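Visitor: The following comprises the amino acid sequence and a computationally predicted model.
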Amino acid sequence: MTDPVYVTDALIAEDIDAYLEQHQQKSLLRFITCGSVDDGKSTLIGRLLYDSKMIFEDQLAALEADSKRVGTQGQEIDFALLVDGLAAEREQGITIDVAYRFFTTEKRKFIVADTPGHEQYTRNMVTGASTADLAVILIDARKGVLTQTRRHSFLAHLIGIKHIVLAVNKMDLVGYDKAVFDRITLAYRAFASEIGITNFTAIPISGFKGDNITALSDNTPWFKGPALIEHLENVEIGSAADEGKPFRLPVQWVNRPNLDFRGFSGQLASGKVRPGDAVRILPSGKTTTVDRIVTLDGDLDEAVAGQSVTLTLADEVDCSRGDVIAAADAPPEAADQFEATLVWMADEAMIAGRAYWLKLATQSVSATIQQPKYEINVNTLDHLAAKTLELNGIGVVELSTDKPITFEAYGDNRTLGGFILIDKLTNATVAAGMLHFSLRRAQNVHWQATDIDRDMRAGLKNQRPALLWFTGLSGSGKSTIANLVEKKLHRMNRHSFLLDGDNVRHGLNRDLGFTEADRIENIRRVGEVAKLMSDAGLIVITAFISPFRVEREMVRSMLPEGEFIEVFIDTPLAEAEKRDVKGLYKKARAGQLKNFTGIDSPYEAPENPEIRIDTTAMTPEEAADLIIDRLLG
Amino acid sequence: MLSSDLQTKSLELTHLDRLEAESIHIMREVMADAVKPVMLYSVGKDSAVMLHLARKAFYPSPPPFPLLHVDTTWKFQAMYELRDRMARESGMELLVYQNPEAKERGINPFDHGPLHTDMWKTEGLKQALDLHGFDVAFGGARRDEEKSRAKERIFSFRTASHGWDPKKQRPELWNLYNARKAKGESIRVFPISNWTELDIWQYIARENIPIVPLYFAAPRPTVERDGLLLMVDDDRFPLLPGETPVERSVRFRTLGCYPLTGAVESEASTLSEVIQEMLLTTTSERQGRIIDKDGGDASMEKKKQEGYF
């Protein structure tokens, strides 16, 4: 077999225009390489770059010098040094993050996600795999199928990668023994079918020596191919399953240069579209037809999955970012409760009941997750009972969103089924998720329409309902001031109700403890009760420490705009501790009370409370008057 | 056979199509959360491609953000000409920022070494971003340029002091970008992260994108200094005793400040010839730049942590 590199060189030198013409028609394959720390992953990638001439002379000179200085291959070139980027990891000799590499052959351009193999970095592998069409699973021929191999294969399958290559590496170290290769392939096949991988391609290689990388090696005459590159060049990308899928375009941006033009910009998630096609806008369900497919290069007759375009519609229908334009006769569903697989990616564990931002395609909603149904042990694939998910934990959960989202099962459509969760406070991406299906409950529990509405109830009482939400440290004076406020309101013939933290825990919430999840549920229930009472027309007063900003914001979002009034009883910790009316600080300091706000659990002060009471500057009486002034004034 | 071939064809986009669609998607996604975005425009070929993609992403609207050129006053004359022309043609506002302190102290590449880049570019960029309060800045960096770039995210977060922490990057899954940020934080977005130098050239050829003529070989006055061929672009170039500019047929593979950018001797005067030369060449793109080398091995990573783009 001719070395492809020379063919290319000749064409470049002789007829550059022919070469460019040919290369413009190349397709793109994205793949990941996974293996454990010393399966030779970086070496393999370095080798791919080297063999496809992506390394220049100056880089090569630097590589040779580095190889001698810090390399692990003696006097020979250590290809791994080409790809191990960041300074810190170069010293440790390991890859710590997802890195992307590029090389090109005559047939294809390749983007390689280099993902680390050690235990704590499931997160990185899932990240790298999410954009990959193919996975190369590396196995050290001397070691065979290891726990890591199983984990990587499971993750690749979980993320929906259809093409798996089993690269049995370091064949040079086992004397290019066919029996070793066959044994490993057989063992892998047994495991793969267990997890649902029906098809894979096994190739015996040596990344270090270059066997079966670009061309078949004389060292393995028993192997009939294909060589790794050859396989990567020929594997079909647009899988047959994607053809014939209905058209979907999540709207990213509404394009309005002037009053006469209104276009909807986005990238086709599946299918194709032509002018004149009947489409449905989700979630409104309105139908219309596509008028034009507008691009800078002129209007298109057709756009296909993967293209970024701008559509204009025949009718003036409401459509904005987050909506999905879909084939009218095969629209996706909308729902607000789902089962999903979550991969937890943050150091801080998942908190059941807490609201996170959920981003799916171009939709952003607030979502709460329930305690996992089970966690999956990625090494044994066992299902384990779990209360939460920690960093790198994978589990199946039920989640609900604050409004319906347009979706498809991840297995049918990655774009409309894959999502991320974002922490509302730190803005960190904390999880990746894949929707399985919607839980029908949302559609079956209907709102019962009642004839007497909240305005009528409030009107009868001659008042505007409101929720005065007191927050502050233990001993800050919340209950005292709240009590005074209610007494004054009562004297003024206002109908009120004071929900006190301690009292609620004796009844409604007596099943809840003081863990973070329970505290959140405590606040959620109080919020729901307060909402019902304000629907009844009451002025509701609550006095809870409610230390977390996210939970207070959750309650705020339950109520009509303007009805949630956050009252921050601002007493410095030292002052509250000095008062210590219930002796709790003393106990907490002595270690007898765990998770005590201000001591070993944080208090997140409101950033913009409607009312702030500085208890070091006014008496409870004055505070109560000020609050009533602001409420009724 | 033929009909199924055609069918596959319509579904299988070429690599340039896929790269283009991805970059456009990224730019539009930025508009969802950005308060005040800006596009950093350095006038080089990568900037040219990025600007072209922006025009495509938002057509028929002009791109909904201004261009920002962090100027060092030491760019090639031809760069200033193309910069002004492209701003006019794209209908975008062009903001030019020059660090007033560097200006006042007369910082220049001949007398001040690394301080020149630090003050004009790194400091200048921070000052410009702070001055206008930009919360998102598009940059034309590519992952194939340099090893530490290979690991940077497409949405790269900077602290209020513009620092970069390679260990605190947000995972980027599928094509979902989390652009939420706290007050004071900003994001650098690299829409052409996944393009290689060859992709850039091919796309320039395919789309007929205007680039600075310095990329093409022509007779130019040059002197050889410290192993680099430098072009004497204006009369601020201090000639050493015995140095006389020699006319050589040269071109540039990257463009920066003219006293810091080495030319290569070349006869490649058309786009295909330039690509041909690039493909047959044996030295990497950034070789002609001094900036990557000071500080040794991890110098670019260090610069990024300090706030360099």
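Guide: Arrived safely, thanks for sending. From a predicted model like this one, the values you see are computed outputs, not experimental measurements. Numbers count the residues shown, from 1 in each chain, chains lettered A, B, ... in the order given.
Visitor: what's stretch B:95-114 in contact with?
Guide: The contact list for stretch B:95-114 (Cβ atoms under 8 Å, 6 or more residues apart in numbering or on different chains) reads B:38, B:66-74, B:115-116, B:119-120, B:123-125, B:127-128, B:131-132, B:236, B:238, B:257, B:259-260, B:294. All C-beta spots, glycine's among them, are computed from the backbone N, C-alpha and C.
Visitor: which of the residues you listed are buried?
Guide: Those of these that meet the buried threshold are B:38, B:66-72, B:74, B:116, B:119-120, B:123-125, B:127-128, B:257, B:259-260, by 16 or more other Cβ atoms under 10 Å in any protein chain shown.
Visitor: Inside strands: which ones of these?
Guide: Per DSSP state E, strands hold the following members of those: B:V38, B:L67, B:L68, B:H69, B:V70.
Visitor: what's near enough to touch the third one?
Guide: So the one you mean is B:L68. B:V38, B:M39, B:L40, B:Y41, B:L95, B:V96, B:Y97, B:A128, B:H132, B:F134, B:A137.
Visitor: can you check the second one too?
Guide: With contacts taken as Cβ under 8 Å, 6+ apart, B:L67 has the following neighbours: B:V38, B:M39, B:L40, B:Y41, B:L51, B:M86, B:A87, B:S90, B:M92, B:E93, B:L94, B:L95.
Visitor: per-residue confidence at it?
Guide: According to the prediction, B:L67 has pLDDT 96.
Visitor: Chain neighbours aside, what residue packs nearest to it?
Guide: For B:L67, ignoring the flanking residues on the chain, the nearest one in space by Cβ to Cβ, 6 or more residues apart in numbering or on different chains is B:Y41 at 4.2 Å.
Visitor: how far away is that neighbour from B:G140?
Guide: Here the criterion is Cβ to Cβ, to the nearest Å. By it, B:Y41 lies 8 Å from B:G140.
Visitor: Could you name every residue contacting both of these two?
Guide: B:S47, B:M50.
Visitor: Do any residues in stretch B:115-135 lie close to chain A?
Guide: No: if you take Cβ under 8 Å from any Cβ of the partner chain as the test, stretch B:115-135 misses chain A, and the best it gets is 12.8 Å.
Visitor: Pull the residues that contact that stretch.
Guide: B:34-38, B:40, B:68, B:70-74, B:95, B:97-99, B:101-102, B:105, B:107-109, B:112, B:137, B:162, B:181, B:185-187, B:257, B:260, B:291, B:303, B:306-309.
Visitor: run the last query once more with 7 Å
Guide: B:34-38, B:68, B:70, B:72, B:97-99, B:101-102, B:107-109, B:137, B:162, B:186-187, B:291, B:306-309 (Cβ atoms under 7 Å, 6 or more residues apart in numbering or on different chains).
Visitor: same deal with stretch B:185-196?
Guide: With Cβ under 7 Å, 6+ apart, stretch B:185-196 has contacts from A:100, A:102, A:111, B:19, B:22-23, B:26-27, B:30, B:46, B:49-50, B:53, B:129, B:134-144, B:154-160, B:179, B:181, B:309.
Visitor: residues of the longest strand along chain B that come out buried?
Guide: For chain B, the strand with the greatest residue count under DSSP E is strand B:218-225. By neighbour count on 16+ other Cβ under 10 Å, the buried set for strand B:218-225 is B:R220, B:T222, B:V223.
Visitor: Direction included, what does that strand pair up with?
Guide: Strand pairing for strand B:218-225, determined by DSSP bridges: strand B:228-231 (antiparallel), strand B:246-251 (antiparallel).
Visitor: from the chain's centre, how far out does the helix or strand that the last one is followed by sit?
Guide: Beyond strand B:246-251 on the C-terminal side, the first helix or strand identified by DSSP states H and E is strand B:264-265. Relative to its chain's centre, strand B:264-265 lies at 21 Å (Cα atoms, centre = their mean, to the nearest Å).
Visitor: Stretch A:523-532 now?
Guide: Distance, stretch centre to chain centre, for stretch A:523-532: 29 Å (Cα atoms, centre = their mean).
Visitor: again, but for stretch A:150-159
Guide: Using Cα atoms, centre = their mean, the offset of stretch A:150-159 from its chain centre is 17 Å.
Visitor: swap in stretch B:129-145?
Guide: 10 Å.
Visitor: List the buried residues in that stretch.
Guide: B:129, B:134-145.
Visitor: Which of the residues in stretch B:265-277 are classified as buried?
Guide: B:S266, B:A268, B:L271, B:E273, B:V274, B:I275, B:Q276, B:E277.
Visitor: Nearest to A:T131 among those?
Guide: Nearest to A:T131 among the buried residues of stretch B:265-277, counting by Cβ to Cβ, is B:I275 at 27.4 Å.
Visitor: which stretch of helix or strand covers that closest one?
Guide: Per DSSP H and E: helix B:271-280 holds B:I275.
Visitor: now the angle between strand B:246-251 and that helix, please.
Guide: Computed by axes from the mean of the first three to the mean of the last three Cα atoms, to 10 degrees, the angle separating helix B:271-280 from strand B:246-251 equals 90 degrees.
Visitor: Where does pLDDT dip in the stretch 401-550 of chain A?
Guide: For the stretch 401-550 of chain A, applying pLDDT under 70 flags the ranges A:440-450.
Visitor: Strands of that one, start to end?
Guide: A:418-422, A:429-438, A:466-471, A:496-500, A:539-543 (DSSP state E, counting those that start in this stretch).
Visitor: How far off centre is the third one?
Guide: In terms of Cα atoms, centre = their mean, the centre of strand A:466-471 is set 33 Å apart from its chain centre.
Visitor: Just list the residues touching A:R457, thanks.
Guide: A:R457 touches A:A536, A:G537, counting by Cβ under 7 Å, 6+ apart.
Visitor: ok, it to B:R251 distance?
Guide: To B:R251, A:R457 is 80 Å away according to Cβ to Cβ.
Visitor: Now for the residue nearest to A:T415 when sequence neighbours are not counted: which residues touch it?
Guide: Nearest residue to A:T415, sequence neighbours excluded (Cβ to Cβ, 6+ apart): A:A269, at 3.7 Å. Taking Cβ under 7 Å, 6+ apart, we find A:A269 in contact with A:R248, A:L249, A:P250, A:A305, A:A361, A:N413, A:T415, A:L416.
Visitor: what's the helix or strand harbouring the second one packed up against?
Guide: Under the assignment given by DSSP H and E, the secondary-structure element containing A:L249 is strand A:248-250. Counting by 3 or more Cβ pairs under 7 Å, 6 or more residues apart in numbering or on different chains; DSSP states H and E, the packing neighbours recorded for strand A:248-250 are strand A:324-327.
Visitor: The strand it packs on and chain B, are they touching?
Guide: No: Strand A:324-327 is not in contact with chain B by Cβ under 7 Å from any Cβ of the partner chain; minimum separation 14.6 Å.
Visitor: which of the buried residues of stretch B:265-277 sit farthest apart?
Guide: Counting by Cβ to Cβ, the most remote pair of the buried residues of stretch B:265-277 is B:S266 and B:L271, 13.1 Å apart.
Visitor: about what we covered before: for the residue nearest to A:T415, grab phi and psi.
Guide: phi -80, psi -30 (degrees, to the nearest 10).
Visitor: Mind pulling the model confidence for it?
Guide: Reported pLDDT for A:A269: 95.
Visitor: From A:G285, how far out is it?
Guide: Distance from A:A269 to A:G285, by Cβ to Cβ: 19 Å.
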